[in-house]
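Asker: Would you be able to build a 3D model of this:
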Amino acid sequence: MTTVLKQKIVEVCNHKIAQKGDNVGISFYAFFKNKNDTPELLMEAAIWWIKTHQLDHFEKAVKIKKMVEQL
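Answerer: Okay, here's the model as predicted:
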């Protein structure tokens, strides 16, 4: 996983957790704008989320943050 994607995921997870608490769920789409201007990064996130880890569409932000921080 690229450093850029790692930083983006941790940043978004921290923001969502601060807003809604430890029980908040997210999908990998949460890391991108509605108008995706970085398709390569989106594909990297999708492959990591769906193919590599076979995660559900929504997962707890704390779980995703912990997984990414362990990389």
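
Asker: what residues does stretch 38-54 touch?
Answerer: By C-beta atoms under 8 Å, 6 or more residues apart in numbering, the residues outside stretch 38-54 that reach it are 1-2, 4-5, 8-9, 27-28, 31-32, 36, 55, 67. Every C-beta, even on glycine, is put in place using the N, C-alpha and C of the backbone.

Asker: from the residues you listed, which is closest to residue 61?
Answerer: Residue 61 lies nearest to residue 9 out of the contacts of stretch 38-54, by C-beta to C-beta, at 9.4 Å.

Asker: thought the closest one was touching residue 31?
Answerer: Yes. Residue 9 lies in contact with residue 31 (C-beta atoms under 8 Å); the separation is 5.8 Å.

Asker: between these two, who's got more neighbours?
Answerer: Using other C-beta atoms under 10 Å as the criterion, residue 9 and residue 31 rank with residue 9 on top: 25 against 19.

Asker: Distance check, the closest residue to the more buried one other than its chain neighbours against residue 34.
Answerer: Residue nearest to residue 9 in three dimensions, not counting chain neighbours: residue 68, with 4.9 Å by C-beta to C-beta, 6 or more residues apart in numbering. For residue 68, the distance to residue 34 equals 23 Å [C-beta to C-beta, to the nearest Å].

Asker: So which of those two has more stuff around it?
Answerer: A count of neighbours by other C-beta under 10 Å puts residue 68 above the other of residue 68 and residue 34, at 17 against 5.
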